[in-house]
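K.L.:
following is a predicted model, sequence given first.
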Number of protein chains: 2
Amino acid sequence: MRGAQGDLLRLVAAGHAESRAELARLSGLAASSVSLRVEELIGSGLLVEEGAGTSRGGRRPRRLRLSPSAGLLAVADLGAHHARLGLLDLSGTPLVVEERPCEIADGPEATIDWMAGAFEDLLAAHGPPGVPLRGVGTGIPGPVDPGTGRVVAPSRMPGWNNFPVAERLGAHFDLPVLVENDANLMAAGEARSWPKCETLMVLKAGSGIGCGVIVNGTLHRGRGAAGDISHVRVRSDSSVTCSCGHDDCLEAYASGAALMSVLNEQGIEVRRPADVVALVEDGVPEATALVRNAGRLIGEVLTVLVNFINPDAIVVGGSLSPAEPLIASIRAAVYERCLPLATRDLEISTTRSGPDAALLGAGSLLLDAVLA
Amino acid sequence: MRGAQGDLLRLVAAGHAESRAELARLSGLAASSVSLRVEELIGSGLLVEEGAGTSRGGRRPRRLRLSPSAGLLAVADLGAHHARLGLLDLSGTPLVVEERPCEIADGPEATIDWMAGAFEDLLAAHGPPGVPLRGVGTGIPGPVDPGTGRVVAPSRMPGWNNFPVAERLGAHFDLPVLVENDANLMAAGEARSWPKCETLMVLKAGSGIGCGVIVNGTLHRGRGAAGDISHVRVRSDSSVTCSCGHDDCLEAYASGAALMSVLNEQGIEVRRPADVVALVEDGVPEATALVRNAGRLIGEVLTVLVNFINPDAIVVGGSLSPAEPLIASIRAAVYERCLPLATRDLEISTTRSGPDAALLGAGSLLLDAVLA
DNA sequence: CCATCTTCCTTCGAAATCGAAGTTATGGCG
DNA sequence: CGCCATAACTTCGATTTCGAAGGAAGATGG
């Protein structure tokens, strides 16, 4: 499982390689060495050979897959009022995904212990017998210190500040543990769906605004807050003070929460970002105008970032992302204002990985820990 | 010179390793393999053993250095009206650096051929006899396509658009050729002076405004324009149209050229950014106010980027950088407006590599090509 | 349907790499 | 000053990895 052996497994699990030949190309090892190694991995039950792939003009490759019994990963994505939970095999394929209500405001101990219980439930109900759990991971709607696995200065998670989430979760399972910001997980998940993109910006537009950055194919964490765009100052006529203490933060104008509060003030009742999307689809002009304005503001911020890191694609996800005017106005702002060189082949589109992106990302990152 | 052999040389040349033991630690090879390899490299005259290093509690390491006769690199940094030219040994140490007048507006053919001639001059005058030239490189004050070595849509370089600079330079020397944006080279040069920083933003404040980004210790190129911040829209009362066609670009307010044109309109004659710095040092209030405002605008843009990529340090270089109020107001803006997590250990300071940063960066990047 | 080209994978001797044990040099400490 | 802990190399047999050659399986094109 360690070292070069792990490298090969990782390449197969991550979906980068499907045959011995591809492994040889990607790992840099000689074809003969790869064959030897693969034989061992098959012998130890971690890899299985599964039919033949499609020919590329010569003999067909013998397709390799991680054995379904090689192990499981239990992953979660915590939101403010609910959590998505899932069980993945080591290739990152979900066996089961569930959404359960869960109040993050109940505090870290209660929430994490609840999560551990939910994982046990899932395992009992859907885990194939004899297949070991190999790692657990969760996304958190706030900044996470990459070194310690602690939550750092979250804005809407009372009681969580500086809490050692990874440690607490690890106390339930003696296994590799991953704790990461939810937008970062989403980015890691999307990255698997955009294999040709080295640099990726993944926007999470939900009740809050988050963003994850993939540079050179790997998640860029910075000090744990990398990708944060919610507290950028935007150009606006009025003046709103954000929860962070500064004026005119993007989040105060363009987040789902901000849109909802404006709509509610106007007497249009909404309770979740999805309600806003529904209003837009029903052609309610107030909602459409608001969403369009939010997209413009987000787009103007992205403009700066696109010039700066020249991503290959911008992916928009989160519960607000199905609203067409949002992405349309983001596109308009970015294409209008960015440098031609930066937008020449830039793709801006909605999620390819769907609502489970964060869970898939957790799986992808956990794998690195499990196969280290 | 190839493969693993090159890896060892690179580690020594880049200053990361000074002894066999350090090479073993950093390269991941077994100590015995390193010894063998090093012996060969010494035998072929590329490495030399030079005295003993300082003990870390046991036997002293035998210090390794690249042989002064291992090779030379010829590097240049083109500006609008002058060029810096230098000769480096393979460890990146300059043997000579000269500044010569040179009009980039003369067009690419004339400029590049002139550069080739200047390199020959330097070699004849300062090159130790028998030491071969191993690579040439140059910085360009405009975007460079990393794949082709062509200039792409530069703003103030008439006749250069889409010109294959690398190819033309390569026609003079049958050697590895490097062509890169000047701010990017500066960033690569600074990176060597900030070994503990994985993520670095290097601002070049001269007649224009440029920026290079180091992510994970390596230069982030994007599509060739990465790091561009000069055409970000800034918040301002008036409205100025930039050469790029958009309104209120940062460059139109905060670049050395913009400052100079305002001062000249006010009847204060300045010809180069350095003159502005001199005025500030003399306490001329118009100049100080302008520079302070420029710093504030730049700082507000950096705010967004600091939240986004969480650099370990921001380095300010370029001919405007000695002006104290510039960096002071950049600091003020960034520390005031960024997230605490992002500024907690963020260092903002002037260049450590000095005016030759770009040449050193060219050396550093060329080395990778030469020892590939 | 047969020759030819590609690609995938294995075989096997040569070469590189490892790693455990040993050697040399040094600082610290009683 | 002698002893020990530590670090920097070396030596040398065991192991891995390589790579050239060849076999297997399929595409292509007459």
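P.N.:
Alright, I've got the coordinates. Numbers count the residues shown, from 1 in each chain, chains lettered A, B, ... in the order given.

K.L.:
tell me which residues touch the residue positioned nearest the centre of chain A, please.
P.N.:
Residue closest to the mean C-alpha point of chain A, counted by Cα atoms, centre = their mean, is A:M186 at 1.2 Å. A:M186 makes contacts with A:139, A:202, A:204, A:210, A:212, A:317-318, A:353, A:357-358, A:361, as judged by Cβ atoms under 8 Å, 6 or more residues apart in numbering or on different chains. C-beta: built from backbone N, CA, C; applies to glycine.

K.L.:
switch to 10 Å and redo it
P.N.:
A:M186 makes contacts with A:77, A:139, A:180, A:202-204, A:206, A:210-212, A:227, A:315, A:317-318, A:351, A:353, A:355-362, as judged by Cβ atoms under 10 Å, 6 or more residues apart in numbering or on different chains.

K.L.:
does DNA strand C sit close to stretch A:26-34?
P.N.:
Yes - Stretch A:26-34 reaches DNA strand C (Cβ under 7 Å from any atom of the strand) through A:31-32.

K.L.:
show me which residues of chain A sit near DNA strand C.
P.N.:
A:19-22, A:31-32, A:35-36, A:38-39, A:56-62.

K.L.:
from those, which would you call buried?
P.N.:
A:19-22, A:38, A:61 (16 or more other Cβ atoms under 10 Å in any protein chain shown).

K.L.:
how about these in TSV, adding pLDDT, distance to chain B and secondary structure?
P.N.:
Formatted as TSV, those follow (pLDDT from 0 to 100; distance: Cβ to the nearest Cβ, whole Å; DSSP: H, G, I helix; E, B strand; the rest coil):
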residue	pLDDT	distance to chain B	secondary structure
A:S19	96	25	coil
A:R20	96	23	helix
A:A21	96	22	helix
A:E22	96	22	helix
A:V38	95	23	helix
A:P61	95	27	coil
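
K.L.:
switch those over to JSON lines; also include distance to A:P164.
P.N.:
As requested, those are exported to JSON lines (distance: Cβ to Cβ, whole Å):
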{"residue": "A:S19", "distance to A:P164": "42"}
{"residue": "A:R20", "distance to A:P164": "43"}
{"residue": "A:A21", "distance to A:P164": "45"}
{"residue": "A:E22", "distance to A:P164": "40"}
{"residue": "A:V38", "distance to A:P164": "39"}
{"residue": "A:P61", "distance to A:P164": "45"}
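
K.L.:
out of those residues, who's nearest A:D275?
P.N.:
Using Cβ to Cβ, A:E22 comes nearest to A:D275 of those, at 45.8 Å.

K.L.:
what about the strands in the stretch 251-372 of chain A?
P.N.:
Using DSSP state E, counting those that start in this stretch, the strands found in the stretch 251-372 of chain A span residues A:313-317, A:347-350.

K.L.:
comparing these, which comes out most buried?
P.N.:
Mean neighbour count, computed with mean count of other Cβ atoms under 10 Å in any protein chain shown, is highest for strand A:313-317 among these, reaching a mean of 25.

K.L.:
pull the CA atoms of that strand into CSV?
P.N.:
In CSV, the C-alpha atoms belonging to strand A:313-317 read as follows (Å, rounded to 0.1, in the frame of the first residue of the first chain):
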residue,chain,number,x,y,z
ALA,A,313,-12.5,26.8,-16.4
ILE,A,314,-14.8,28.3,-13.9
VAL,A,315,-17.3,25.9,-12.5
VAL,A,316,-20.5,27.2,-10.7
GLY,A,317,-22.1,24.9,-8.2
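
K.L.:
for DNA strand D, what is the nearest residue in the stretch 151-300 of chain A?
P.N.:
A:G217 (21.9 Å; Cβ to the nearest atom of the strand).

K.L.:
for the closest residue in space to that residue that isn't next to it in sequence, what are its contacts?
P.N.:
Spatial nearest neighbour of A:G217, chain neighbours left out: A:E198 (5.5 Å); criterion: Cβ to Cβ, 6 or more residues apart in numbering or on different chains. Shown in contact with A:E198 (Cβ under 10 Å, 6+ apart): A:191, A:214-218, A:311-313, B:220, B:222.

K.L.:
quick one: contacts for the closest residue to chain B within the stretch 151-300 of chain A?
P.N.:
Closest contact between the stretch 151-300 of chain A and chain B, by Cβ to the nearest Cβ, is at A:G222 (2.5 Å). Applying Cβ under 10 Å, 6+ apart, we find A:G222 in contact with A:143, A:146, A:213, A:228, B:198-199, B:215, B:306-312, B:341-342.

K.L.:
and if you look at A:A369?
P.N.:
A:73, A:134-135, A:137, A:175-178.

K.L.:
same question, A:Q5
P.N.:
Applying Cβ under 10 Å, 6+ apart, the residues near A:Q5 are A:37-38, A:40-41, A:44, A:46, A:371.

K.L.:
which of these are buried?
P.N.:
Using 16+ other Cβ under 10 Å, the buried ones in these are A:37-38, A:41, A:46, A:371.

K.L.:
what segments of chain A are helices?
P.N.:
A:3-13, A:20-27, A:31-43, A:108-126, A:165-172, A:182-193, A:250-254, A:256-265, A:273-281, A:285-309, A:324-337, A:340-343, A:357-370 (DSSP state H).

K.L.:
next one: A:V144 from B:P141, what distance?
P.N.:
40 Å (Cβ to Cβ, to the nearest Å).

K.L.:
of the two, which one has the most company?
P.N.:
A:V144 (26 against 23; other Cβ atoms under 10 Å in any protein chain shown).

K.L.:
name whatever forms a beta bridge with the more buried one.
P.N.:
A:V151 (DSSP bridges).

K.L.:
my read: it touches A:M157, true?
P.N.:
No - using Cβ atoms under 10 Å, A:V144 makes no contact with A:M157, being 11.1 Å away.

K.L.:
overlap in contacts, the two.
P.N.:
A:V151.

K.L.:
nearest to A:N264, out of the strands of the stretch 251-372 of chain A?
P.N.:
Using Cβ to Cβ, the strands of the stretch 251-372 of chain A put strand A:313-317 closest to A:N264, at 24.3 Å.

K.L.:
what's the closest non-adjacent residue to A:E300?
P.N.:
Counting by Cβ to Cβ, 6+ apart, the residue nearest A:E300 is A:A333, at 5.3 Å.

K.L.:
from A:A74, how far out is the one you found?
P.N.:
Taking Cβ to Cβ, one finds A:A333 at 40 Å from A:A74.

K.L.:
out of those two, which sits in the busier spot?
P.N.:
Each of A:A333 and A:A74 has its neighbours counted (other Cβ under 10 Å); A:A74 has more, 28 against 20.

K.L.:
just list whatever residues bridge to that one.
P.N.:
Beta-bridge partners, per DSSP bridges, of A:A74: A:L87, A:V136.

K.L.:
and the pLDDT at it?
P.N.:
Listed pLDDT for A:A74 reads 98.

K.L.:
and it, what is it in contact with?
P.N.:
Per Cβ under 10 Å, 6+ apart, neighbours of A:A74: A:85-88, A:115-116, A:118-120, A:122-123, A:127, A:133-138, A:169, A:173, A:175, A:362-363, A:366.

K.L.:
now, of those residues, which are buried?
P.N.:
Buried among the contacts of A:A74 by 16+ other Cβ under 10 Å: A:85-88, A:115-116, A:118-119, A:122-123, A:127, A:133-138, A:169, A:173, A:175, A:362-363, A:366.

K.L.:
surely A:P143 meets A:A226?
P.N.:
Yes - between A:P143 and A:A226 there is a contact at 9.2 Å, judged by Cβ under 10 Å.

K.L.:
give me the common contacts of the two.
P.N.:
A:181, A:184, B:310, B:341-342.

K.L.:
between those residues, which is closest to A:E265?
P.N.:
Using Cβ to Cβ, the shared contacts of A:P143 and A:A226 come closest to A:E265 at A:N181, 30.4 Å.
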